[in-house]
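Peer 1: just need the structure, nothing else, for what follows:
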Amino acid sequence: MKIYIRSSACISAQNTFDNDGFLNGIIEYNTTRLVAVEPDYKEFIDAKLIRRMSHVIKMGVAVAKRCLLNGNTEMPGAIITGTAFGCMEDTVTFLTRIIEQNEELLPPTAFIQSTHNTVAAQIALMLKCHAYNNTFVHKGISFESALFDAIMLLNEQEADNILVGGTEEMVDTSYTVLTRLGLYKRHPVSNLSLYDTGSKGTIGGEGATFFLLTDKPSPDNLAELTGLTTFYNPKDTEDIKNRITTFLEKHAVAFEDLDLVISGKNGDVRNDEIHEELNNSIFKNIAQANYKHLCGEYTVASSFALWLASNIIKKGIVPEVILETKLKVTAPKKVLIYNHYQNKYHSLMLVSAI
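Peer 2: Next up, the predicted model:
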């Protein structure tokens, strides 16, 4: 059964939500942490509710509603989200109040909204959707796990027009902890020259991206999600090469059939060694692109890559700002996304023209 991406919507550190163009007006940052460009939420959420919603909940609800609007769909057949850290802002608020108030007279709101499935639940409440609702918390492959679940539901004909998304927010506390663990750079850099730094660490990011998946063909669909796989903690680069080759063979696609490879390079010399080796070997003769200099690094950043790939195929345009090689490509028909998070959680997504 073929799986199609009917529509998508995205909030990121770039103008990806309200912008009618495609990555027009790229925003340059000089920092170690990118923040999402947020829309006017009043268009999608009642003003009274906005005050009680945390950053990530507002992003998730607005993007989900915009995705449904783009797909001319009022009610999804299922709602599935992926997140590694969940609603960090509410979690930190609740834990702080425990200490400040000596575990007494604690307001319950922050605790209720601190759970990982809050975004999916809020979307369902606002839409009055009583269908299947699930959230995956699988660290660096949380979004891919949500996609797998949606694909199985479609293959089993349990639901159609499935709303699938990845959400993650960056708060001061999580940023500080992850910086101490060596994930982010210690000194500000320009995101547009991220790959020239040659130092350890990357830049933090956040965002929310949703897709409407269906098994019904339509000229209005953005693209076809041809293949998806994940793997954990590979032995070495040769193991990764073999897994990529096997993945493409499974879907009857040769390397020369690929028009574009979108990699998860993030400017960390330790992270990018794998991508450099692949780009100079099995991907050598294929146009290569990067995306994390636009959105930053976060656990579900691959959802931004899928948004990018599906729009590239639909619009037939590859923005110059993402290209790494001099190999130019116009109107790509097959795009491979390869991402890994801290060299443990690896994923491959194959996106094709309909």
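
Peer 1: now do the end-to-end distance for stretch 160-175.
Peer 2: 37 Å (Cα to Cα, to the nearest Å).

Peer 1: repeat that for stretch 71-89.
Peer 2: Stretch 71-89: ends 31 Å apart by Cα to Cα.

Peer 1: how distant is that stretch from the center of its chain?
Peer 2: 12 Å (Cα atoms, centre = their mean, to the nearest Å).

Peer 1: buried sites along it?
Peer 2: Neighbour counts over stretch 71-89 (16 or more other Cβ atoms under 10 Å) mark 71, 73, 76-89 as buried. Quick note: C-beta positions are derived from backbone N, CA and C, even for glycine.

Peer 1: how about residue 74, phi and psi?
Peer 2: When read as degrees, to the nearest 10, the backbone of residue 74 gives phi -90, psi -40.

Peer 1: what pLDDT does it get?
Peer 2: For residue 74, the model assigns a pLDDT of 95.

Peer 1: can you check residue 239 too?
Peer 2: pLDDT, residue 239: 97.

Peer 1: in a helix, residue 170, correct?
Peer 2: No. Secondary structure of residue 170 (DSSP: H, G, I helix; E, B strand; the rest coil): coil, not part of a helix.

Peer 1: so what's the residue count around it?
Peer 2: Counted by other Cβ atoms under 10 Å, the residues lying close to residue 170 total 24.

Peer 1: how much space separates it from residue 84?
Peer 2: Separation of residue 170 from residue 84 (Cβ to Cβ, to the nearest Å) stands at 12 Å.

Peer 1: of the buried residues of stretch 71-89, which is the nearest to residue 268?
Peer 2: Ranked by distance to residue 268 (Cβ to Cβ), the buried residues of stretch 71-89 are led by residue 84 at 17.7 Å.

Peer 1: dump the residue contacts of the nearest residue to that closest one once chain neighbours are set aside.
Peer 2: Spatial nearest neighbour of residue 84, excluding adjacent residues (Cβ to Cβ, 6 or more residues apart in numbering): residue 299 at 3.7 Å. Contact analysis of residue 299 by Cβ atoms under 8 Å, 6 or more residues apart in numbering lists 83, 84, 85, 139, 140, 142, 143, 168, 341.

Peer 1: which ones among those residues lie within strands?
Peer 2: Among the contacts of residue 299, the members falling in strands are 168, 341 (criterion: DSSP state E).

Peer 1: return the member of the contacts of residue 299 nearest to residue 326.
Peer 2: Among these, and counting by Cβ to Cβ, the member closest to residue 326 is residue 341, at 28.6 Å.

Peer 1: burial count for that closest one?
Peer 2: 23.

Peer 1: do the same with residue 219
Peer 2: 5.

Peer 1: do you know the pLDDT at the residue nearest to it when sequence neighbours are not counted?
Peer 2: Nearest residue to residue 219, sequence neighbours excluded (Cβ to Cβ, 6+ apart): residue 354, at 7.5 Å. You'll see residue 354 listed with a pLDDT of 90.

Peer 1: now residue 125
Peer 2: pLDDT, the model's per-residue confidence, is 95 for residue 125.

Peer 1: quick check on it: phi, psi?
Peer 2: Dihedral angles for residue 125 - degrees, to the nearest 10 - are phi -60, psi -40.

Peer 1: what does residue 164 give?
Peer 2: phi -120, psi 130.

Peer 1: surely it meets residue 210?
Peer 2: Yes. With contacts counted by Cβ atoms under 8 Å, residue 164 reaches residue 210, the gap being 6.8 Å.

Peer 1: higher neighbour count, those two?
Peer 2: residue 210 (33 against 30).

Peer 1: which helix or strand contains the spatially closest residue to the more buried one that is not a sequence neighbour?
Peer 2: Leaving aside its chain neighbours, residue 210 sits nearest to residue 165 (3.6 Å; criterion: Cβ to Cβ, 6+ apart). Element membership of residue 165 [criterion: DSSP states H and E] is strand 162-168.

Peer 1: max-length helix in this structure?
Peer 2: helix 55-70 (DSSP state H).

Peer 1: could you give the angle of that helix to strand 162-168?
Peer 2: Helix 55-70 and strand 162-168 are oriented at 150 degrees to each other (axes from the mean of the first three to the mean of the last three Cα atoms, to 10 degrees).
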